[in-house]
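Curious how this folds, go ahead:
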Amino acid sequence: MSKTRSVFECQACGFSSSKWLGRCPDCGEWNSFVEEKVAPLPPAGGKGPRQASLGLETGGRPHLFDEVDGAEADRIPSGIGEFDRVLGGGIVPGSMVLIGGEPGIGKSTLLLQVAHLLARMGGPVLYASGEESERQIKLRGERLGVKGGALYLMGETALERIVEQVDAIKPTALVIDSIQTIYSTRLSSAPGSISQVREVATQLLFLAKGRGLTTFLIGHVTKEGSLAGPKSLEHIVDTVLYFEGERQQHHRIVRAVKNRFGAISELGVFEMTGAGLAPVPNASALFLGERLEGAPGSAVTATMEGTRPMLVEVQALVSPTSFGNPRRMTIGLDANRTALLLAVLEKRVGLQLLGEDVYANVVGGLDVAEPAVDLGVAVAVTSSFRNRPVPPRTVVFGEVGLGGEVRAAGQAALRVREAVQMGFTRCVMPERNLPANGGAGGGIELCGVRTLEQALEAVFAEG
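All right, here's what the predicted structure looks like:
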């Protein structure tokens, strides 16, 4: 008969070793190995305890591709438009959604609102929390205006007892807050360890897929901002959402980084209010609401987040350095790409930035990684360096190459349409993105450029 054996697992990446190691050979972390017990394998041909307890059906036969029913399941609206947008149009029954973010940013608040709306519109919903008692959840729910509906609260950390209540209540959705606090009695390791997180997530996967139970998981993040636990946790779930934004700011951004049922990089914008998270349908108006027109170093650029066009303000500050090496600091932008743009401005345009400190920022706490914002960054830096403001009704977008060329950007028509809706009258864009007729449309002047030097001349022609 097999006996329980001990292994040492890295708590950073999940690497296993038969002996303790000071440094993980896989991820390089120091002092990350913890001894954990490994249960014996089930007998050959028999059901394991995990399968038997959750009723996982195995032994099915394969089907031809043409015989498989490809009809898409009807999505369930959550009642919050921005949340449905991030999920790809609504909640898919039986899916698993993992939400991560900094402590106190609003993960539990959002899921409590979603659970309440689902309980009012559909069947019962079970909210199981291992971090708060039922009374604490109740007090937060009263502040959010939660009232009515078949919403069940449960303060529990043992997975087996949560599964028992799922069998008794038969909910349509399950919320786990958080997965790092839930443990399975089949393992002797502590809650939050690599083996516990992996085991709990796998059992919840069988529960969700076997019974069509929509499951929402809240996950902790590390100091680097990534989800804590093994990487397999993100592979198990169907959708991974990240909360972005600072707790001191009044808005939050929920971004999809993985979605088996929709587009990735989709995002939803919420405003934190006394009654919870309120969706913001017009994100461009939010990010440009406090823009100071006529200030040097400010440029408006059009970016795409998933299928959503947005206008954001890029600010730059160029000032003489007092050190031997000038500083380069960015917030919301890729620091390496910004350094490349500064080199292009110096080599191709002739800006003497070698003795200048350069600070660049995307206003509002939004992280933008799209290459189409290159032209906005270059215009903002040039505006600050020359101390010349960008015309207030001008928007720019386009990718800048190392040769100083301005390359085409995707979905240019959506970007221009968003600029028109926000009242902009002039758009400096790549020449290849101009419409076939080459003229203006919708009351906005389209100015196509081929090089960065042409773009700067076009932008500051009215200045």
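
all contacts plus neighbour counts: C-alpha atoms, from now on.
Noted.

and the nearest residue to Lys170 once chain neighbours are set aside, how many neighbours?
Nearest residue to Lys170 in three dimensions, chain neighbours excluded: Pro124, at 7.4 Å (C-alpha to C-alpha, 6 or more residues apart in numbering). Per other C-alpha atoms under 10 Å, the neighbour tally for Pro124 reads 20.

Kindly report the same for Leu241.
25.

now swap in Arg186 and tell me
14.

Would you double-check that it falls in a strand?
No. Counting by DSSP: H, G, I helix; E, B strand; the rest coil, Arg186 is not part of a strand but coil.

distance of it from Glu160?
Separation of Arg186 from Glu160 (C-alpha to C-alpha, to the nearest Å): 9 Å.

isn't the residue nearest to Lys170 right next to Pro171, touching?
Yes. Judged on C-alpha atoms under 8 Å, Pro124 makes contact with Pro171 at a distance of 4.7 Å.

which intervals of the protein have sub-threshold pLDDT?
Within the chain, the segments meeting pLDDT under 70 span 1-4, 38-60, 70-72, 224-225, 228-230, 246-248, 437-441, 462-463.

Break it into its domains for me.
1-39, 74-281, 286-459 (automatic domain parsing).

I'd like these laid out as a markdown table, including distance to His63.
Below are the domains of the chain laid out as a markdown table (distance: least, C-alpha to C-alpha, whole Å):
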| stretch | distance to His63 |
| --- | --- |
| domain 1-39 | 34 |
| domain 74-281 | 19 |
| domain 286-459 | 34 |
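
What lies in contact with the helix or strand containing Phe216?
Per DSSP states H and E: Phe216 is located in strand 214-219. Outside strand 214-219, the residues that touch it by C-alpha atoms under 8 Å, 6 or more residues apart in numbering are 92-101, 107-108, 111, 172-180, 204, 208, 227-228.

Equivalent analysis for stretch 105-113, please.
99-101, 127, 140-141, 144, 146, 175, 177, 216, 218, 243, 245-247, 252, 276-277.

Buried subset of the residues you listed as a PyMOL selection?
This is the PyMOL syntax for the buried subset of the contacts of stretch 105-113, where burial follows 16 or more other C-alpha atoms under 10 Å:
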select buried, resi 99+100+101+127+140+141+144+146+175+177+216+218+243+245+246+252+276+277
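
Among the contacts of stretch 105-113, which ones are in strands?
Ile99, Gly100, Tyr127, Val175, Asp177, Phe216, Ile218, Phe243, Arg252, Gly276, Leu277 (DSSP state E).

Could you export those to CSV, including columns for distance to Leu456?
What follows is these, written out as CSV (distance: C-alpha to C-alpha, whole Å):
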residue, distance to Leu456
Ile99, 42
Gly100, 40
Tyr127, 55
Val175, 51
Asp177, 51
Phe216, 48
Ile218, 46
Phe243, 36
Arg252, 33
Gly276, 43
Leu277, 40
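
Closest one to Ser384 out of those residues, please.
Arg252 (29.0 Å; C-alpha to C-alpha).

Just list the residues touching the most centrally placed residue in the chain, thanks.
Centroid check for the chain by C-alpha atoms, centre = their mean gives Arg255 as the closest residue, at 2.7 Å. Residues near Arg255 by C-alpha under 8 Å, 6+ apart: Val86, Leu241, Tyr242, Phe243, Glu244, Ser265, Glu266, Leu267, Gly268.

and those residues, which are buried?
Buried among these (16+ other C-alpha under 10 Å): Val86, Leu241, Tyr242, Phe243, Glu244, Ser265, Glu266, Leu267, Gly268.

Which neighbours in the sheet does the helix or strand hosting Met154 have, and how are they oriented?
In the assignment (DSSP H and E), Met154 maps to strand 151-155. Strand 151-155 pairs in its sheet with strand 125-129 (parallel), by DSSP bridges.
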